[in-house]
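Peer 1: I'll drop the sequence and a predicted model, then ask my questions.
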Amino acid sequence: TLLREIKLATERNKAPSLFALESQLLNQSNLIPNRSEISPWYHKNTLKELTALFNYIEQIDNELTKDILRLIFISILMTSSGHKGGRPYTYYADNVRPKVPLEKNAFKLFHQRLKRFLSESEKRMPLEPFKGSWKVENADARNFSKQLIGPVDLIITSPPYVGVTDYNTGFRLAHLWYEWEISLDNLKKDEIGARWRRKQKNLSSQYLHDMQVCFANMTKCLKNGKY
């Protein structure tokens, strides 16, 4: 049902362009949050295409469909920026804007990611509907407890590196487009082992302390004999 909804939402309007959008959407370039901060990152034509995609996605009624298309939109924000391809996260984390933004085809990039998502999803769709339940908690592993997340069977984690990558500010562009409730400055402040702290003398010892607290809290949440 979800895949059908996404296909309908993205194929409803047939147009000559690779990604089918009403032509008038390209004229809605004013409907964009943080315009003054976002504009320097993109070629003017790319920005028009991104704005059209952004507004198109936001008017979709089905919330689950909208969220998936938002994720696909976020996945092209760095690729469609005016930088040459292959720029690392540090360019975005350190707010390094392109001097002369290169033009990218945002419609094409979005269409490619959408096609890939639909193809992979169709391959992996279960024969029977999933009948389980899940809960998502956004929390700091240094502060969470068994009472918050309950006892668990398995924890899979990708711990942060020390002084290598700023995960939060690396997604600067997504924060500019979506203006999430928690500000980027607050997220940056709480990040474990963040690259922006790399010149602090106590970086390594603070990182090790934070990780010890995280692992201790995670261990308390595990059921006996689990991993």
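Peer 2: In hand now; what should we look at? Numbering: from 1, shown residues only.

Peer 1: how much space between the nearest residue to Asp140 once chain neighbours are set aside and Arg172?
Peer 2: Excluding its sequence neighbours, the residue lying closest to Asp140 (CB to CB, 6 or more residues apart in numbering) is Asp190, at 6.4 Å. To be clear about C-beta, it is placed using only N, CA and C from the backbone, and glycine gets the same treatment. Distance, Asp190 to Arg172, using CB to CB, to the nearest Å: 16 Å.

Peer 1: repeat for His111
Peer 2: Counting by CB to CB, the gap from His111 to Arg172 is 24 Å.

Peer 1: the more surrounded of the two?
Peer 2: Arg172 (22 against 19; other CB atoms under 10 Å).

Peer 1: helices along the protein, start to end?
Peer 2: Under the criterion DSSP state H, the chain contains helices at 2-11, 35-38, 44-58, 63-75, 89-93, 106-124, 146-149, 167-170, 172-178, 184-190, 203-221.

Peer 1: and these as CSV, adding distance to Trp196 and mean pLDDT?
Peer 2: Below are the helices of the chain laid out as CSV (distance: least, CB to CB, whole Å; pLDDT from 0 to 100):
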stretch, distance to Trp196, mean pLDDT
helix 2-11, 37, 58
helix 35-38, 19, 90
helix 44-58, 27, 89
helix 63-75, 22, 91
helix 89-93, 8, 87
helix 106-124, 29, 86
helix 146-149, 28, 70
helix 167-170, 7, 88
helix 172-178, 12, 93
helix 184-190, 7, 87
helix 203-221, 10, 92
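
Peer 1: to Thr157, which of the ones you listed lies closest?
Peer 2: helix 203-221 (7.3 Å; CB to CB).

Peer 1: so what does that closest one touch, helix or strand wise?
Peer 2: helix 146-149 (3 or more CB pairs under 8 Å, 6 or more residues apart in numbering; DSSP states H and E).

Peer 1: tell me how many other residues surround Tyr207.
Peer 2: For Tyr207, using other CB under 10 Å, the count is 19.

Peer 1: show me what contacts it?
Peer 2: Tyr207 sits next to Val162, Gly163, Ile192, Gly193 when contact means CB atoms under 8 Å, 6 or more residues apart in numbering.

Peer 1: give me the distance between the residue nearest the centre of the chain and Arg97.
Peer 2: Residue closest to the mean C-alpha point of the chain, counted by CA atoms, centre = their mean, is Ile74 at 5.2 Å. Ile74 sits 19 Å away from Arg97, going by CB to CB.

Peer 1: likewise for Pro33?
Peer 2: Using CB to CB, Pro33 is found at 17 Å from Arg97.

Peer 1: Glu181 too?
Peer 2: Glu181 sits 25 Å away from Arg97, going by CB to CB.

Peer 1: which one of these two has more residues nearby?
Peer 2: The residue with more neighbours, out of Glu181 and Arg97, is Arg97; 15 against 5, by other CB under 10 Å.

Peer 1: list the contacts of that one.
Peer 2: Listed by CB under 8 Å, 6+ apart, the contact partners of Arg97 are Pro40, Trp41, Gly82.

Peer 1: check Pro160 too.
Peer 2: Contacts of Pro160 by CB under 8 Å, 6+ apart are Tyr167, Glu191, Ile192, Gly193, Ala194.

Peer 1: let's have the residues you listed in a markdown table, adding neighbour count and distance to Gln212.
Peer 2: Listed next are the contacts of Pro160 as a markdown table, based on neighbours: other CB atoms under 10 Å; distance: CB to CB, whole Å:
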| residue | neighbour count | distance to Gln212 |
| --- | --- | --- |
| Tyr167 | 19 | 20 |
| Glu191 | 18 | 17 |
| Ile192 | 20 | 11 |
| Gly193 | 22 | 13 |
| Ala194 | 25 | 17 |
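
Peer 1: noted, bye for now.
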